[in-house]
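A.B. asks: sequence and predicted structure below; questions after.
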Amino acid sequence: MKEKKIKLLNILVVAGGWSDEREVSLMSGKNVFSSLKKNKFNVRFFNIKKNNIDKILIYKPDIIFNSLHGEFGEDGGLNSFAQKNKIAITHSDAISSALCFNKRLLKNYLKKKLSIISPKEIVYNNKIKLPVILKPNWGGSSNGIKFLNDKKIIKATIFDQKNLIEEIIYGKELTVTVIENNSKIHALGVTEIEFNSKHYDYIAKYTKNKSVHFLPARISKSQYNFLLNISKRIFKVCRCKGIARLDFIMCRKNGKMYFLEMNTHPGLTKISLAPEQANFNSLSYQYLLNQIINASI
């Protein structure tokens, strides 16, 4: 759909929510809203909370631009609401969103479908090599990540399905943004991320100058192309739409690429990775938004 036709649509940017990523969501949403408004789109902004979801219907949107992160936004909740009320919505559908939001489920699915390797999930026994990493099984922005050295804590935590405990892979953090352009899937590039903190945490992600991005990543051409191609295959096999960002780590010891997670609703703030990779391809921020909207109509 051409930009002129998109401008005729009533677009509602939905952001905020009640997850621990609320502030990032508001930053992304306001950035999206400002760009659409500046470019003369028919757009309004909605700060969603648990007690005002139905107020979306008052705006009578043709399409919802889903800028939520975390619960209800990335897990398929808002998509289901939109589908029930026959409203178009950006990003992946409810089933794909739910699959990709659950790290354990996604890794097992990709291992079966594409033989993709990921850090090994820890099974409790006396041979556990410490430290290990604990992360929430769903959620983003690196919230809730801990490094565990105590076997008693591991034993008490390991059977909680809300958590994922894995071996630690030391190496280069790499990320790829994939977008749809006229139903064709494109990988925009591979970014290498350096940071001073113990891991790529919330502060490193969303605070200016707390991390350094190398684009293109400082890896071999064959490794670079492998990540571009496998990211497109993952996007396709998970039936994603619009945009997604995929995170990997290249092991320092053996050079293998380990898949970490996929974000079907990547950040669209001024310092987010997806807009940076779009810019690397001489694509404007507004072009990126157009592709996300186009893929959803």
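C.D. replies: Received it, and whenever you're ready, just let me know what you need.

A.B. asks: tell me how many other residues crowd the residue lying closest to residue 165 once chain neighbours are set aside.
C.D. replies: Among residues not flanking residue 165 along the chain, residue 122 sits closest, at 4.4 Å (Cβ to Cβ, 6 or more residues apart in numbering). (Each C-beta comes from the backbone N, C-alpha and C, glycine too.) Neighbour count for residue 122, taken as other Cβ atoms under 10 Å: 19.

A.B. asks: next: residue 129.
C.D. replies: By the criterion of other Cβ under 10 Å, residue 129 has 8 neighbours.

A.B. asks: can you pull the phi and psi angles for it?
C.D. replies: phi -90, psi 120 (degrees, to the nearest 10).

A.B. asks: what's near enough to touch it?
C.D. replies: residue 167 (Cβ atoms under 8 Å, 6 or more residues apart in numbering).

A.B. asks: what about it, distance to residue 166?
C.D. replies: The spacing between residue 129 and residue 166, counted by Cβ to Cβ, to the nearest Å, is 11 Å.

A.B. asks: ok, now residue 61?
C.D. replies: Taking Cβ to Cβ, one finds residue 61 at 40 Å from residue 166.

A.B. asks: more neighbours: which of the two?
C.D. replies: residue 61 (24 against 19).

A.B. asks: surely that one is in contact with residue 43?
C.D. replies: No: look at residue 61 against residue 43 with Cβ atoms under 8 Å: they stay out of range, at 9.4 Å.

A.B. asks: list the residues that contact both of the two?
C.D. replies: Going by Cβ under 8 Å, 6+ apart, residues that sit against residue 61 and also against residue 43 are 11, 12.

A.B. asks: next up, identify which helix or strand the residue lying closest to residue 218 once chain neighbours are set aside is on.
C.D. replies: Distance criterion Cβ to Cβ, 6+ apart; nearest residue to residue 218, sequence neighbours excluded, is residue 192 at 5.6 Å. If you go by DSSP states H and E, residue 192 is part of strand 184-195.

A.B. asks: just checking, what packs against that strand?
C.D. replies: Using 3 or more Cβ pairs under 8 Å, 6 or more residues apart in numbering; DSSP states H and E, the elements in contact with strand 184-195 are strand 171-181, strand 211-214, helix 221-237, helix 273-280.

A.B. asks: columns distance to residue 55 on top of these, output as TSV?
C.D. replies: Output for the helices and strands packed on strand 184-195, formatted as TSV (distance: least, Cβ to Cβ, whole Å):
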stretch	distance to residue 55
strand 171-181	30
strand 211-214	37
helix 221-237	33
helix 273-280	29
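
A.B. asks: and those as JSON lines, adding distance to residue 8 and mean pLDDT?
C.D. replies: Formatted as JSON lines, the helices and strands packed on strand 184-195 follow (distance: least, Cβ to Cβ, whole Å; pLDDT from 0 to 100):
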{"stretch": "strand 171-181", "distance to residue 8": "21", "mean pLDDT": "95"}
{"stretch": "strand 211-214", "distance to residue 8": "37", "mean pLDDT": "91"}
{"stretch": "helix 221-237", "distance to residue 8": "29", "mean pLDDT": "98"}
{"stretch": "helix 273-280", "distance to residue 8": "24", "mean pLDDT": "96"}
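
A.B. asks: can you redo these as a markdown table with distance to residue 117 and mean neighbour count?
C.D. replies: Output for the helices and strands packed on strand 184-195, formatted as a markdown table (distance: least, Cβ to Cβ, whole Å; neighbours: other Cβ atoms under 10 Å):
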| stretch | distance to residue 117 | mean neighbour count |
| --- | --- | --- |
| strand 171-181 | 13 | 22 |
| strand 211-214 | 23 | 15 |
| helix 221-237 | 11 | 17 |
| helix 273-280 | 23 | 22 |
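
A.B. asks: mind checking these for the one nearest to residue 52?
C.D. replies: Closest of these to residue 52 is helix 273-280, at 27.9 Å (criterion: Cβ to Cβ).

A.B. asks: so the strand holding residue 192 versus strand 171-181, what angle?
C.D. replies: Orientation of strand 184-195 against strand 171-181 (axes from the mean of the first three to the mean of the last three Cα atoms, to 10 degrees) gives an angle of 150 degrees.

A.B. asks: dump strand 184-195 to PDB, keeping only the CA atoms.
C.D. replies: Provided in PDB are the C-alpha atoms of strand 184-195 (Å, rounded to 0.1, in the frame of the first residue of the first chain):
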ATOM      1  CA  LYS A 184       9.700  -9.900   0.700                       C
ATOM      2  CA  ILE A 185      11.900 -10.600   3.700                       C
ATOM      3  CA  HIS A 186      15.100  -8.500   4.200                       C
ATOM      4  CA  ALA A 187      17.800  -8.700   6.800                       C
ATOM      5  CA  LEU A 188      19.100  -5.200   7.400                       C
ATOM      6  CA  GLY A 189      22.500  -6.000   8.800                       C
ATOM      7  CA  VAL A 190      24.500  -7.500  11.700                       C
ATOM      8  CA  THR A 191      25.400  -5.200  14.600                       C
ATOM      9  CA  GLU A 192      28.000  -6.100  17.200                       C
ATOM     10  CA  ILE A 193      27.400  -4.700  20.700                       C
ATOM     11  CA  GLU A 194      30.100  -3.900  23.200                       C
ATOM     12  CA  PHE A 195      29.300  -2.800  26.800                       C
END
